[in-house]
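Enquirer: Structural data only, the sequence is not supplied:
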């Protein structure tokens, strides 16, 4: 079997943020009562700055606290005379995010065992975990070829299944062809 090492391609394949897989699916948020704009400063319920809005979508916004990028539903935001507010302090928000990330990391580590099935970001079957080491994760693909990916390339999907943070087409394109 050809053993293709893809560790160098790992960074290029990481197109889906891990936090997207670390969160549970939730119903769409109600429309925001306030306008949330990129670049706006967000203040906590203690009157101190929490961070800055870095991304806004139709139903959520990401606030960079300086420690974490925290995705929040738009209806979590309020306003006061100084602008956008959240009913939480920066310390509380950072603590909650750190706890969620630690729980997601622990769940992933528990799921990353030999024989575990692995899918892709586009819900395709990729193969199974052959071995896990400090250097990376060796996958046995469905065609019996083996590849190695860095641990940072893995996450759990909404159902708790192990996935690679790349599409099947991206992975196939990164594997050197035999010839």
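Expert: Yep, it's here. Since the structure is predicted, the reported quantities are computational estimates derived from the model, not experimental observations. Numbering: from 1, shown residues only.
Enquirer: so how far is the host helix or strand of residue 70 from its chain's centroid?
Expert: Assignment of secondary structure by DSSP states H and E places residue 70 within strand 69-73. Averaging C-alpha positions (CA atoms, centre = their mean, to the nearest Å) puts strand 69-73 12 Å from its chain's average.
Enquirer: next one: whichever helix or strand comes after it to chain centre, how far?
Expert: Remark: after strand 69-73, the chain's next helix or strand is strand 77-80, criterion DSSP H and E. Put simply, strand 77-80 sits 27 Å off its chain's centre (CA atoms, centre = their mean).
Enquirer: Would you mark the buried spots in strand 77-80?
Expert: residue 77 (16 or more other CB atoms under 10 Å). The way it works is simple: take the backbone N, C-alpha and C, and place the C-beta from them, glycine included.
Enquirer: In its sheet, which strands sit next to it, and in what direction?
Expert: Sheet pairing of strand 77-80 (DSSP bridges) gives strand 83-86 (antiparallel).
Enquirer: by contact count, what packs against the very next helix or strand once past the strand it pairs with?
Expert: Using DSSP H and E, the next helix or strand after strand 83-86 towards the C-terminus is helix 90-111. Applying 3 or more CB pairs under 8 Å, 6 or more residues apart in numbering; DSSP states H and E, we find helix 90-111 packed against helix 18-22, strand 49-56, strand 154-156.
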